[in-house]
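Peer 1: Okay, predicted coordinates and the sequence, questions at the end:
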Amino acid sequence: MNVVRFCRENRYAVYLVTGFLVAAGLWAMFVLPSNIYPELNFPRIAILVHAGDLAPEAMLLTVTRPLEEAASTVLGVRRVRSRTIRGAAEISVLFKPDMDMQYALQLVQGRVGEARGLVPPDTDILVSRLTPSVFPVLSLILNGDVPGTDLRDKAFYVLRPLFSRVPGVGQIEVQSSDTREVSVIVDPQRLLAHHLSLVDIADRLRAVNQVQSVGRLQKDYQQYLVLTTSQFQDIEQVRNAVVAVEGSSVVRLRDIAEVRDGIADHAILVTGNGQPAALLNISRQIGGNILQLAADVKGIAAHLGSAIPETLHLSLVYDLAEFVESSIANVRDAILIGAFLAVLILFVFLREGRTTVIAATSLPLSVIGTFFFLYLAGGTLNLMTLGGLAIAIGLIIDDAVVVIENIYRHLGLGEQPTKAAENGTRELLGPVIGSTATTLVVFLPLGLLSGVVGEFFRALCLTLGISVLLSLIFAVTLIPLLSERFLTGRAHRASAESFIEPVLRGYERMVRWALKKRLLVAGATLVLVAFGVFLYTRLGTGFLPEFDEGGFVLDYWTPPGTSLAETDRIVRGFEERIAKIPEVASFSRRTGAEMGMFVTEQNRGDILIKMKPRSQRRRDTEEVMNDLRAQIEQNSPQKGIIVEFVQILQDMIGDLEGSPEPVEVKLFGDNMPVLEQVANDLGPRLEKVPGLVDYKAIQKGNPEIVFQVDPARAGRVGLTTDQVSQQVSAGLLGITETSLRQSDRTIDIRVRFPDSFRFNYGLIRQFPIVTPAKAIVPLESLAEVGQVRGASQLSRENQRLMLALTARLENRDLAALSAMFSRCCARRGCQPA
């Protein structure tokens with residue numbers, strides 16, 4: 001049956017379906033999640049491991065290697081890469097792009113579970129997918145003139161539950177410098193006078209602080225649960241706990257120790273705008289709407305009321321929603337401008353209002369309908385989907401224009417509107433379908449690309465394909481119906497033809513001239529093609545275009561072994577410089593931690609910097625980054641400090657891909673000293689490459705004090721190496737075996753020596769060790785003491801030792817630098833891996 005005749009006979013059904021698509025599309029516009037990029041499915045699983053304070057070499061042998069071997073046997077694995085530092089390891093498992101990552105996660109978890117018995121029993125292992133939802137979309141800082149423990153408690157126990165109720169919120173991570181604990185500061189002399197060790201005290205407190213179910217009783221038709229308890233209710237009860245019995249007298253904790261509210265030893269330091277703060281990093285669930293999530297969180301933050309005291313201030317330091325909203329608005333405006341210009345040009349050439357309006361009808365209908373099908377496909381509003389619509393704007397209107405022009409031609413021949421619509425559409429049905437198919441054939445193969453690149457182009461191809469297909473459907477169904485109804489003949493054709501006639505005459509003269517000068521035209525065409533190829537070879541390349549995100553991250557490393565306090569002192573100078581930059585709105589700093597799921601040492605961290613809106617600053621983000629980099633490099637307080645600047649989303653994409661820096665030279669071998677020698681030789685050459693910034697080479701190892709326990713000596717006094725290590729660990733770090741329960745929270749009880757004793761380097765050899773016979777022996781009588789420099793970090797890829805040299809780009813494209821790196825490595829004699 002003829003398409004137009006069928007639509008005419010069922011015109012109300014066509015109008016109904018069109019109306020439904022418009023209504024559904026408008027609804028989808030408001031419910032579709034918004035994001036800067038499509039939902040990216042990175043084929044990567046991360047295994048994060050924490051095992052106390054083991055040295056990197058010991059971590060590699062006892063923890064990293066068994067887990068690497070287990071992960072490498074999983075189906076579909078392409079690469080296993082690990083980074084091992086003191087007490088922690090990060091293992092990245094990369095899969096084939098087409099792998100079902102939920103299934104892959106289950107496989108990796110199973111293999112890790114099987115290998116659990118091969119690693120130390122107190123090892124913490126977390127296996128997780130790496131997706132953009134791992135990274136925060138909002139970061140807030142809570143600061144004020146109160147103790148740091150109060151900041152942390154308010155953020156963790158008050159604000160975190162409030163924000164977690166917001167639909168779409170995923171993980172909320174609270175980071176702060178100070179964590180509350182009950183400090184049991186034991187006097188060494190009094191402790192030894194009773195022949196006790198810190199381990200003994202911790203065990204006694206754990207034994208006392210118990211609540212247990214011991215049975216059930218029935219009475220008066222009711223069943224009672226019977227409990228025994230001596231659970232601590234407050235600090236006073238902790239002070240009065242009995243830790244030893246000597247004859248008829250008891251030794252209470254207060255007799256040998258001071259018990260007070262305290263602060264755990266700092267593992268990280270957090271500041272906001274240069275002041276102590278608690279940081280709340282809010283991530284979203286996969287598929288969550290960033291704009292709605294941010295609006296809801298800000299609404300709660302603006303109406304906290306009595307939830308936090310007036311002395312505390314909650315402020316926003318990072319807001320991805322602002323960038324998403326502005327980026328989408330920019331693309332939306334570009335689409336509207338493009339649509340307006342397309343309709344305007346159409347009117348200029350047609351010079352007929354009704355024809356222009358009917359042809360332009362397919363434009364909003366196709367775009368609005370696309371949103372509905374995008375919703376059904378599980379898509380989001382992002383730069384790539386809207387970019388597909390922007391490309392489609394000029395293509396959408398073409399089908400309607402050629403169909404309505406042919407209908408108009410038939411009207412001009414004297415046919416009735418009904419016959420003109422039918423004949424005009426039937427004649428062009430094949431060419432219009434062919435034209436649309438040509439467009440789809442060009443773009444749709446981009447959606448078949450694999451990996452992250454395929455994820456980006458798939459979103460673009462989806463919206464472009466849907467909108468073009470809808471425009472074809474409207475061109476052969478709705479447009480003929482509207483033409484039949486509203487086009488009545490040749491009323492304005494003369495004016496339109498009088499306008500286009502001079503253009504046609506000029507075009508005819510140009511074609512005649514070109515046909516006479518065939519060789520000249522062919523030669524000029526070849527020259528233009530050759531020039532285009534030449535320009536193509538000179539074009540820079542990169543994964544993503546550079547844009548001003550309105551914020552950036554400053555990553556920093558102080559020399560290996562630098563203490564947390566010293567790193568803090570150095571980085572405070574960075575904060576002072578940042579605070580003086582007029583374009584900066586706010587910033588937060590972490591030392592000993594960083595954004596995302598990564599293991600970090602105390603000599604590194606990051607500063608997250610939020611810029612003022614673009615209209616309120618003179619310089620863009622890149623200029624501010626370059627200026628701050630120059631200031632820090634010129635005024636660095638000591639050598640060995642490394643800084644790295646990157647905009648936030650670029651940093652996120654790099655971290656998810658497993659290559660945080662765009663430039664990475666990997667050296668493989670079996671001997672680390674040889675790799676370090678090669679790296680030291682390559683380093684100066686690479687550092688001189690123009691356009692290379694934030695160069696990061698190998699770092700020296702961490703200083704270590706090693707007690708080589710003699711098993712024979714320890715055995716003579718009834719101790720094992722593990723028992724000696726436990727007592728030394730308890731003396732230096734303290735020991736936590738139980739906690740104090742208060743209302744909705746638990747507070748760790750840490751038993752430790754005074755700082756003046758445990759941090760005294762001169763006393764460490766005389767550290768007292770209590771034997772099973774209650775004798776006291778110095779540590780140096782059981783172990784040889786030495787000082788060495790161990791590795792700060794060990795990296796491996798596919799179970800091969802690896803050393804990586806990394807850098808970032810400044811005003812230089814990746815392809816040119818890659819070629820230069822290859823030449824530099826070739827001169828050194830390095831072979832590609």
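Peer 2: Perfect, I can see it now. Since the structure is predicted, the reported quantities are computational estimates derived from the model, not experimental observations.

Peer 1: Around Gln799, count how many other residues there are.
Peer 2: Counted with other C-beta atoms under 10 Å, residues neighbouring Gln799 total 13. Yep, even glycine has a C-beta here, placed from its N, CA and C like the rest.

Peer 1: and it, backbone torsions?
Peer 2: Geometry field for Gln799 lists phi and psi as phi 60, psi 30, criterion degrees, to the nearest 10.

Peer 1: Please name the nearest non-neighbouring residue to it.
Peer 2: Glu68 (5.7 Å; C-beta to C-beta, 6 or more residues apart in numbering).

Peer 1: and the one you found, which of the three is it?
Peer 2: Following DSSP: H, G, I helix; E, B strand; the rest coil, we place Glu68 in the helix state.

Peer 1: got a pLDDT number for it?
Peer 2: At Glu68, the model reports a pLDDT of 91.

Peer 1: can you check the one 4 residues further on too?
Peer 2: Taken from the predicted model, the pLDDT recorded for Ser72 is 90.

Peer 1: can you map out the helices along the stretch 201-350 of the chain?
Peer 2: 235-239, 253-256, 290-302, 320-350 (DSSP state H, counting those that start in this stretch).

Peer 1: Just give me how far the first one sits from the chain centre.
Peer 2: Put plainly, it is helix 235-239. 44 Å (C-alpha atoms, centre = their mean, to the nearest Å).

Peer 1: now stretch 588-601
Peer 2: On C-alpha atoms, centre = their mean, the centre of stretch 588-601 falls 13 Å from the chain's centre.

Peer 1: Without its sequence neighbours, what residue ends up closest to the residue nearest the centre of the chain?
Peer 2: For the chain, Phe135 is the residue whose C-alpha lies nearest the centre (C-alpha atoms, centre = their mean; 3.5 Å). Once flanking residues are discounted, Phe135 sits nearest to Met652: 5.0 Å by C-beta to C-beta, 6+ apart.

Peer 1: now swap in Arg409 and tell me
Peer 2: Per C-beta to C-beta, 6+ apart, closest to Arg409 is Gly424, 6.8 Å.

Peer 1: for Gln723, same thing?
Peer 2: Nearest residue to Gln723, sequence neighbours excluded (C-beta to C-beta, 6+ apart): Ala714, at 7.7 Å.

Peer 1: Might you report the residue contacts of the one you found?
Peer 2: Ala714 makes contacts with 720-721, 723-724, 782, as judged by C-beta atoms under 8 Å, 6 or more residues apart in numbering.

Peer 1: Name the member of the residues you listed with the most neighbours.
Peer 2: Within the contacts of Ala714, most neighbours by other C-beta under 10 Å means Leu782, with 25 neighbours.

Peer 1: Just want the phi and psi numbers for that one.
Peer 2: According to degrees, to the nearest 10, Leu782 has phi -110, psi -10.

Peer 1: From what I see, it and Ile769 are in contact.
Peer 2: Yes. Leu782 is within contact range of Ile769, at 6.4 Å (criterion: C-beta atoms under 8 Å).

Peer 1: what touches both of these two?
Peer 2: Joint contacts of Leu782 and Ile769 (C-beta under 8 Å, 6+ apart) are 719, 724.

Peer 1: The helix or strand harbouring the residue nearest to Arg409 - what's its average pLDDT?
Peer 2: Here Gly424 sits within helix 417-443, counting by DSSP states H and E. Helix 417-443 carries an average pLDDT of 84.

Peer 1: burial measure for Leu126, as a count.
Peer 2: Neighbours of Leu126 under the rule other C-beta under 10 Å: 11.

Peer 1: Secondary structure element for it, which one?
Peer 2: strand 124-129.

Peer 1: hmm, back to that, contacting residues around the residue nearest to Arg409?
Peer 2: Contacts for Gly424 (C-beta under 8 Å, 6+ apart) come out as 403-404, 406-410, 480, 483.

Peer 1: please redo it, this time with the cut-off set to 7 Å
Peer 2: Gly424 makes contact with 403, 406-407, 409-410, according to C-beta atoms under 7 Å, 6 or more residues apart in numbering.

Peer 1: Tell me how far it lies from Leu794.
Peer 2: Using C-beta to C-beta, to the nearest Å, Gly424 is found at 74 Å from Leu794.

Peer 1: okay, the closest residue to Val521 other than its chain neighbours: pLDDT?
Peer 2: Of all residues not flanking Val521 in the chain, Ala514 sits nearest, at 5.0 Å (C-beta to C-beta, 6+ apart). The model reports Ala514 with a pLDDT of 88.

Peer 1: Helices of the stretch 601-750 of the chain, start to end?
Peer 2: 621-634, 648-657, 672-687, 711-716, 721-733.

Peer 1: Output the contacting helices and strands for the first one.
Peer 2: Using 3 or more C-beta pairs under 7 Å, 6 or more residues apart in numbering; DSSP states H and E as the contact test, the elements touching helix 621-634 are helix 564-579, strand 642-647.

Peer 1: May I see the buried residues of that helix?
Peer 2: 621-622, 624-625, 628-629, 631-632 (16 or more other C-beta atoms under 10 Å).

Peer 1: CA atoms only: put it into PDB for me.
Peer 2: In PDB, the C-alpha atoms belonging to helix 621-634 read as follows (Å, rounded to 0.1, in the frame of the first residue of the first chain):
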ATOM      1  CA  THR A 621      42.300  27.300  34.500                       C
ATOM      2  CA  GLU A 622      45.300  26.400  32.400                       C
ATOM      3  CA  GLU A 623      46.900  29.800  32.900                       C
ATOM      4  CA  VAL A 624      46.300  29.600  36.700                       C
ATOM      5  CA  MET A 625      47.900  26.100  36.700                       C
ATOM      6  CA  ASN A 626      50.900  27.200  34.800                       C
ATOM      7  CA  ASP A 627      51.400  30.300  37.000                       C
ATOM      8  CA  LEU A 628      51.100  28.200  40.200                       C
ATOM      9  CA  ARG A 629      53.400  25.600  38.900                       C
ATOM     10  CA  ALA A 630      56.100  28.200  38.200                       C
ATOM     11  CA  GLN A 631      55.700  29.800  41.700                       C
ATOM     12  CA  ILE A 632      56.100  26.400  43.400                       C
ATOM     13  CA  GLU A 633      59.100  25.300  41.300                       C
ATOM     14  CA  GLN A 634      60.900  28.600  41.900                       C
END
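
Peer 1: Take the contacts of Ala714 and lay them out in a markdown table including pLDDT and distance to Ala807.
Peer 2: Compiled in a markdown table, those are given as follows (pLDDT from 0 to 100; distance: C-beta to C-beta, whole Å):
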| residue | pLDDT | distance to Ala807 |
| --- | --- | --- |
| Thr720 | 89 | 48 |
| Thr721 | 87 | 44 |
| Gln723 | 88 | 48 |
| Val724 | 88 | 45 |
| Leu782 | 88 | 48 |
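
Peer 1: can you tell me which of the residues you listed lies nearest to Glu575?
Peer 2: Minimum distance to Glu575 across the contacts of Ala714 is 42.4 Å, recorded for Val724 (C-beta to C-beta).
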